[in-house]
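> no sequence on hand, only this structure:
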């Protein structure tokens, strides 16, 4: 999940997170992020295969903003402990 300079969140999937983040910040990512640069990675999950990744992406996209921010906060807390 990316956080745009506007505070908006963008959810997508990739098999190369560093490359994709770089593409987004170079204005070559999703149309949504192009006018909201820069973006920062705030949440990520790894899945076993592309099918699971796309399924999880859709689950996250269906969440409201509060649910997405909760994922971000829980992960930040877990990694800082």
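Looks like it came in fine. All of these numbers come straight from a predicted model, not from anything done at the bench.

> which residues in the chain form helices?
In the chain, the helices defined using DSSP state H lie at 17-25, 31-34, 50-62, 65-80.

> for residue 8, which of these is the nearest?
For the helices of the chain, proximity to residue 8 was assessed by C-beta to C-beta; helix 31-34 is nearest, at 8.0 Å. Heads up, the C-betas are built off the backbone N, CA and C, glycines and all.

> so for that closest one, what gets flagged as buried?
Of all the residues in helix 31-34, those buried under the rule 16 or more other C-beta atoms under 10 Å are residue 33.

> how about stretch 7-26?
Buried residues in stretch 7-26 (16+ other C-beta under 10 Å): 9, 10, 11, 12, 13, 20, 21, 24.

> which secondary element of the chain has the worst mean pLDDT?
Here the helix or strand of the chain ranked lowest by mean pLDDT, DSSP states H and E is helix 65-80, holding a mean of 84.

> now tabulate the helices of the chain in CSV and tack on distance to residue 5.
Putting the helices of the chain into CSV (distance: least, C-beta to C-beta, whole Å) gives the following:
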stretch, distance to residue 5
helix 17-25, 10
helix 31-34, 10
helix 50-62, 20
helix 65-80, 16
